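> Sequence and predicted structure, then a few things I'm wondering about:
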Amino acid sequence: MRYKKYLVIGIIIGLISSCDNNSSTDQELTTINFDQISGVKFNDMDLKIHPGDDFNRYVSGGWFARTEIPADKSRYGAFNILRDGADADIRTIIDEAVASDAEKGSNEQKVGDLYKSYIDMSSRSALGLSPINNRMTKIDAIIDLGGISKYMAEAGKYSYSSPLAFYISVDAKIPTEYSLHVYQAGLGLPDREYYFKEDEKSKLIRIKYIEHIEKMLALADIQDGVKKASQIMDLETKLASFHWLKEDNRDANKRYNKYAIADFKKLLSNLDIDASLRIIGAPEVRDIIINQPSFLKGFNTLLTSENLETWKLYLKWSLVNDMASSLNEELDNQNFEFFGKTLSGLEEQRQMWQRATAIVSANLGEVVGEVYVSKNFKPDAKARMVELVDNLVSAYGSSIKKLDWMGEKTKMKALSKLSKFTPKIGYPDQWKDYSALDIVADDLVGNIERSALTVHNRELAKLGGPIDKTEWFMTPQTVNAYYNPTMNEIVFPAAILQPPFFNMSADDAVNYGGIG
């Protein structure tokens, strides 16, 4: 991309220097739309800056000068701009669904009623804590560590937090099979370092976090908040001490640890693993891939009868923390006060419609995505992107064949892998089925739980079955992209295939630089 910028600028300078002041070329230059031809936005640049001194400001100085970070964001750039645009497009889709008199069970009814259930804050506030009272009662009824096991497994089906995050994924070393995995979890702060760093900012965050827990417990009608907030922080800090560092978690080989279920049970001897597997719906699995075995060993040491009441308190806190933005206004505001303002530096929350739109997209992603694609993604954009990827794959193949440092056997393997590389552009060929999901206009927490259970059951059904190579792990309206190594696929959702990353009106060089 940078070469194209230099090329276009060089052409302009060359034309200007070769013409006198009376030449008609100057007039022609003022009418040619170089932005459209090249895809380079000159008003975003600061051409007074030498690129060797500050390339970032040279390229983006004009945009920096006229742009302020919005109060509801901690950072701002092309991704944020496109996400705001996608939100506006999705809002139009949702507004149409809300206005329709859709039949119960139809996709339009589900989209409209899920949106209504979130945006009606007065009804949510009137419900207070009642949507989670049943789960609070279940926690109160726990009398032993077996009860802790069963509660965490049952709550996990509905995507509630606990120290153990079970999930189904392709086995990284047997990519023709799905396996049950477990990952370290259970922290209220973003990662382990927040609990241990000794700089002043980190210390202040921990103080504010304890104060936040205390306030949230009070809003949840849990008494003696000062003492209990400290107990929760102490337990989370002990959990965090067993969490792996970020750099260790980036090592896929370190995280691949396949255990027989009998050995998994030994790691968590203080939990009832048989009951847990039965409850999550995987009683017959023979092995499990453990991402961080040492975390499980440490977690197990914290599971004692003496700690039972502390664990029950922790589970209550996790429940309130998980659902804070979906309950009443007081909990929602306090949740933002800490996680939005203190942790992220935001000045204000996103508008209510934006948050409601995010909930709809998170829970009915491909329902909304199918309509989004029909309205916002043209077939010729997909065709051009497919051509771009095909050209890159061809170029990679030619490059591999010419490498003098790579042996012939290695070249054969590399070319074989390249031949199996799968690009996915714009949207999935098969859309997920939401027909079994019940959405009700006045039951936000229930809607979120039923959606989570639908996903859980869909994931569980993969065990023992063939690999679904049509599945997408992002929705079409997501402004992002990903490479999935276990599937050897690259995925570009429709929403990212827009300027500045991809421009149908621009020169090919800009698209190769922007998205290639």
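The structure has been received and is ready for your questions. The structure presented is a predicted model; accordingly, all values stated were derived computationally and were not measured.

> Run through the neighbouring helices and strands of the lengthiest strand in the chain.
With secondary structure taken from DSSP state E, the chain has its longest strand at strand 174-184. Counting contacts by 3 or more CB pairs under 8 Å, 6 or more residues apart in numbering; DSSP states H and E, strand 174-184 is packed against strand 164-171, strand 287-290. Quick note: C-beta positions are derived from backbone N, CA and C, even for glycine.

> so how far is it off the chain centroid?
20 Å (CA atoms, centre = their mean, to the nearest Å).

> Buried residues, it. List them.
Of the residues in strand 174-184, Y178, S179, L180, H181, V182, Y183, Q184 count as buried by neighbour count, 16 or more other CB atoms under 10 Å.

> Tabulate those (CSV), appending distance to E247 and pLDDT.
Shown next, in CSV, are the buried residues of strand 174-184 (distance: CB to CB, whole Å; pLDDT from 0 to 100):
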residue, distance to E247, pLDDT
Y178, 28, 98
S179, 24, 98
L180, 26, 99
H181, 20, 99
V182, 21, 99
Y183, 16, 98
Q184, 15, 99
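
> Could you provide those residues in a markdown table, with additional columns for distance to D191?
Supplementary listing: the buried residues of strand 174-184 in a markdown table, determined by distance: CB to CB, whole Å:
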| residue | distance to D191 |
| --- | --- |
| Y178 | 28 |
| S179 | 25 |
| L180 | 24 |
| H181 | 19 |
| V182 | 18 |
| Y183 | 13 |
| Q184 | 10 |
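
> farthest-separated two in those?
Using CB to CB, the two most remote members of the buried residues of strand 174-184 are Y178 and Q184, lying 20.8 Å apart.

> returning to that earlier point: who wins for proximity to V386 among the helices and strands packed on strand 174-184?
Across the helices and strands packed on strand 174-184, closest to V386 is strand 164-171 (CB to CB), at 24.4 Å.

> which residues sit in contact with the residue nearest to the spatial centre of the chain?
The chain has M474 as the residue nearest its centroid, 8.4 Å off, counting by CA atoms, centre = their mean. For M474, the contact set (CB atoms under 8 Å, 6 or more residues apart in numbering) comprises N480, A481, Y482, V491, P493.

> What of D438?
Per CB under 8 Å, 6+ apart, neighbours of D438: R450.

> Assign it to helix, strand or coil.
coil (DSSP: H, G, I helix; E, B strand; the rest coil).

> next one: D442
Quick answer, by three-state DSSP: D442 is coil.

> still on that earlier bit, from G365, how far out is the residue nearest to the centre of the chain?
Distance of M474 to G365, computed by CB to CB, to the nearest Å: 8 Å.

> Likewise for N307?
39 Å.

> same deal with K312?
34 Å.

> which parts of the longest helix seen in the chain are buried?
Secondary structure of the chain per DSSP state H: the longest helix is helix 379-402. Applying a neighbour-count criterion of 16+ other CB under 10 Å, one finds A381, K382, R384, M385, L388, V389, I400 buried in helix 379-402.

> Please apply the same query to stretch 254-271.
Applying 16+ other CB under 10 Å to stretch 254-271 flags R255, N257, K258, Y259, I261, F264, K265, L267, L268, N270, L271 as buried.

> I'd like to check what contacts it. Which residues are they?
145-146, 148-149, 171-173, 179, 248-249, 273-274, 277, 285-293, 296-297, 299-300, 303-304.

> buried subset of those?
145, 148-149, 171-172, 179, 249, 273, 277, 285, 288-293, 296, 299-300, 303.

> Most neighbours among the contacts of M474, please name it.
Neighbour tally across the contacts of M474 (other CB atoms under 10 Å): the maximum, 26 neighbours, falls on P493.

> Could you tell me the end-to-end distance of stretch 450-470?
24 Å (CA to CA, to the nearest Å).

> just to confirm, which helix or strand has the closest residue to R135 other than its chain neighbours in it?
If the residues on either side of it in the chain are set aside, R135 comes closest to L319, at 5.6 Å by CB to CB, 6 or more residues apart in numbering. Per DSSP states H and E, L319 falls inside helix 308-323.

> so for that helix, what's the average pLDDT?
Across helix 308-323, pLDDT averages out at 99.

> swap in stretch 284-302?
Per-residue pLDDT values over stretch 284-302 give a mean of 98.

> same deal with stretch 493-513?
So the average pLDDT for stretch 493-513 ends up being 92.

> got it, and stretch 52-62?
pLDDT averaged over stretch 52-62 gives 96.

> State the number of residues packed around A240.
19.

> who touches it in this structure?
Applying CB under 8 Å, 6+ apart, the residues near A240 are L187, L189, R192, Y194, Y195, F196.

> Assumed it was part of a strand.
No. Applying three-state DSSP, one finds A240 to be helix, outside a strand.

> Start at 5, not 1
Sounds good: first residue 5 from here, last item A244.

> distance of it from P497?
34 Å.

> same question, Y182
23 Å.

> same deal with A75?
The gap separating A75 from P497 is 27 Å, by CB to CB.

> same question, G56
Counting by CB to CB, the gap from G56 to P497 is 36 Å.

> go on, F83?
F83 is 12 Å from P497, by CB to CB.

> How about K270?
For K270 relative to P497 (CB to CB), the value is 42 Å.

> how about the helix holding L323 as PDB, C-alpha atoms only?
Extracted in PDB, the C-alpha atoms of helix 312-327 (Å, rounded to 0.1, in the frame of the first residue of the first chain):
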ATOM      1  CA  LEU A 312     -17.400 -23.900  50.700                       C
ATOM      2  CA  GLU A 313     -19.100 -20.700  51.800                       C
ATOM      3  CA  THR A 314     -16.500 -18.600  50.000                       C
ATOM      4  CA  TRP A 315     -17.100 -20.500  46.800                       C
ATOM      5  CA  LYS A 316     -20.900 -20.000  47.100                       C
ATOM      6  CA  LEU A 317     -20.300 -16.300  47.600                       C
ATOM      7  CA  TYR A 318     -17.900 -16.300  44.600                       C
ATOM      8  CA  LEU A 319     -20.600 -18.000  42.400                       C
ATOM      9  CA  LYS A 320     -23.200 -15.400  43.500                       C
ATOM     10  CA  TRP A 321     -20.800 -12.600  42.600                       C
ATOM     11  CA  SER A 322     -20.000 -14.200  39.200                       C
ATOM     12  CA  LEU A 323     -23.700 -14.500  38.500                       C
ATOM     13  CA  VAL A 324     -24.300 -10.800  39.300                       C
ATOM     14  CA  ASN A 325     -21.200  -9.800  37.400                       C
ATOM     15  CA  ASP A 326     -22.200 -11.800  34.300                       C
ATOM     16  CA  MET A 327     -25.700 -10.400  34.100                       C
END
